[in-house]
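**Q** The following comprises the amino acid sequence and a computationally predicted model.
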Amino acid sequence: MRAFRKAAAAIAAVGLMSLAACSGEASQDAEEQESLEESVGSYELGQAAEIPAGYIQDIQDKGVLTVGVKFDQPLIGQKNTATGKIEGFDAEIARLLATYIFGEVVEEGDDANLVFVETTSQNRETYINDGTVDAVIASYSMYPERLTQFEFGGPYFETGQNVMVAADNTDINSVADLAGKNVCIAEGSGSIANLEAENPEAVITPLADYAACAEALENGQTDAVSTDETILYGFTVDKPDAFRVLESSNNFTDEPYGVAMPLGEADARAFVNDMIDEILANGDWQKAFDLTFGAAGMPTPDPLPAPNRY
C-alpha cells in the first residue's frame, strides 16, 4: 500500500495548500509540507476478497483502470497545473476503486494502474460506449432514464442543483428570480432540462463547461450559473469574493452521483456498490470527503449516501 499512501498524502497536501493560498498564504516551505504529508494516513480499503469474472476481472487482467473524470471542477475533479495530479472527491473515489481491484494504486510510470481521462458532460456517454474509459466518475447523476442506458454503481454522493451569482448580486436570491435572466449551463448537462422544468422563463446559455460558465459570470456575460451545488461551491472556494451560491434551501433537484459503466455489466455494478458500502463503513468515505469538500468548509452530508442495488 506504499504507493497509495504517498498518493493520498500528496493529494491532501496539494489541496490544503491551495486552501491556505486562498486565505492569503502564497505557499508553504518544505518543512511545513513534509509535516503535513506525515500527518495524512492511508485509506483502510484493501483489495476485494473476490474479483467477479467478466468486466472487473478483465480490468484486473490488463493491469490498468481507466477512469473518465472532470478536469475543471474544483473539489470534484480538477487537474492541478503545477503537479499534474487530478484532485477532488471523484478522483478519490477512482483511487479507492483502483485499490479495491488491484490492492494499491499507482498513477505514475510503467507500473501505473490508474489512468485519468478528461471527460466532459458532452462526451461521457461516448467514452463509455466506445471503450475510451472503463468507468466514468464525473459528477454523473443517476437519473432514471440513464439507468436504462448504463450500469451505475452508487450513489457515492448526493447533492442538488442550485444557482451561483456574482458576489455583489442582490437581485437573484431564489430560482424564481431567474425569470428573464441569462443562466449559463454546460452543454450536454442534465442541468439544462432541470432548470427548464423549474423555471421555464430563465434564458439558458450553454457553454462548453462550467469553468467557461464561471468565467462568463465573473466577466458579466451571464447573470447566473446553475448546476449541482457541489460544483458551484468549488468555484466559490477558488474565488470567494467573486461568486455567491444561493442558500441550500433553494436546491431544486436530487443529484445522486454514480459510477457509470457499460450496460449489461451487472456484476461490475454490484462490485462498485460493495466498495461503496465498505468505504462508508470503514471511514474511508469520510476521509475522502474531509480531504476535499470538508477541507473547504462544507458540512458532512446527513444522511450519507447509500448504494441503490437496483
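**A** On my side now, so go ahead.
**Q** For G15, report the pLDDT, please.
**A** Per-residue pLDDT puts G15 at 45.
**Q** Stretch 118-133 spans what distance, first to last residue?
**A** 10 Å (CA to CA, to the nearest Å).
**Q** Any buried residues in that stretch, and which?
**A** With burial defined by 16 or more other CB atoms under 10 Å, the residues of stretch 118-133 counted as buried are E118, T119, T120, S121, N123, R124, E125, Y127, I128, V133. C-beta: built from backbone N, CA, C; applies to glycine.
**Q** now, which of these sits nearest Y210?
**A** S121 (8.6 Å; CB to CB).
**Q** got the residue ranges for the helices in the stretch 51-200 of the chain?
**A** Remark: helices assigned in the stretch 51-200 of the chain by DSSP state H, counting those that start in this stretch are 55-62, 89-102, 124-129, 191-198.
**Q** Now those in a markdown table, please, with extra columns for mean pLDDT.
**A** Shown next, in a markdown table, are these (pLDDT from 0 to 100):
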| stretch | mean pLDDT |
| --- | --- |
| helix 55-62 | 98 |
| helix 89-102 | 98 |
| helix 124-129 | 96 |
| helix 191-198 | 97 |
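**Q** Highest mean neighbour count out of those helices?
**A** Comparing the helices of the stretch 51-200 of the chain on average neighbours per residue, with mean count of other CB atoms under 10 Å, the densest one is helix 89-102 at a mean of 26.
**Q** hang on, the earlier thing: got the helices of the stretch 51-200 of the chain as TSV, with distance to N219 columns?
**A** Below are the helices of the stretch 51-200 of the chain laid out as TSV (distance: least, CB to CB, whole Å):
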stretch	distance to N219
helix 55-62	43
helix 89-102	27
helix 124-129	27
helix 191-198	21
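**Q** wait, which of those helices is closest to Q47?
**A** So among these, helix 89-102 is nearest, using CB to CB, at 6.6 Å.
**Q** helices or strands up against that closest one?
**A** Applying 3 or more CB pairs under 8 Å, 6 or more residues apart in numbering; DSSP states H and E, one finds that helix 89-102 makes contact with helix 2-22, helix 55-62, strand 65-69, strand 114-118, strand 255-262, helix 266-282, helix 284-291.
**Q** send the alpha carbons of that helix over as PDB?
**A** Extracted in PDB, the C-alpha atoms of helix 89-102 (Å, rounded to 0.1, in the frame of the first residue of the first chain):
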ATOM      1  CA  PHE A  89     -13.700  13.800  -4.400                       C
ATOM      2  CA  ASP A  90     -14.400  12.000  -7.700                       C
ATOM      3  CA  ALA A  91     -10.700  11.400  -8.200                       C
ATOM      4  CA  GLU A  92     -10.600  10.000  -4.600                       C
ATOM      5  CA  ILE A  93     -13.400   7.600  -5.400                       C
ATOM      6  CA  ALA A  94     -11.500   6.500  -8.500                       C
ATOM      7  CA  ARG A  95      -8.400   5.800  -6.400                       C
ATOM      8  CA  LEU A  96     -10.400   3.800  -4.000                       C
ATOM      9  CA  LEU A  97     -11.900   1.700  -6.800                       C
ATOM     10  CA  ALA A  98      -8.400   1.100  -8.200                       C
ATOM     11  CA  THR A  99      -7.300  -0.100  -4.800                       C
ATOM     12  CA  TYR A 100     -10.300  -2.400  -4.500                       C
ATOM     13  CA  ILE A 101      -9.300  -4.000  -7.800                       C
ATOM     14  CA  PHE A 102      -5.500  -4.100  -7.500                       C
END
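**Q** buried stuff in stretch 258-267?
**A** Those would be G258, V259, A260, M261, E265, for stretch 258-267 by 16+ other CB under 10 Å.
**Q** Closest to L96 out of these?
**A** V259 (10.5 Å).
**Q** between the helices of the stretch 51-200 of the chain, which gets nearest to G68?
**A** Between G68 and the helices of the stretch 51-200 of the chain, the shortest gap by CB to CB is with helix 124-129, which sits at 5.1 Å.
**Q** which residue is nearest the middle of this protein?
**A** Nearest residue to the geometric centre of the chain (CA atoms, centre = their mean): I76, 3.1 Å.
**Q** where in the protein is pLDDT low?
**A** 1-41 (pLDDT under 70).
**Q** longest single strand anywhere in it?
**A** Taking DSSP state E as the criterion, the chain has its longest strand at strand 150-159.
**Q** for that one, packing partners?
**A** The helices and strands touching strand 150-159, judged by 3+ CB pairs under 8 Å, 6+ apart, are helix 229-238, strand 255-262, helix 266-282.
**Q** thinking V106 is in contact with N113, fair?
**A** Yes: here V106 reaches N113: they are 5.2 Å apart, a contact under CB atoms under 8 Å.
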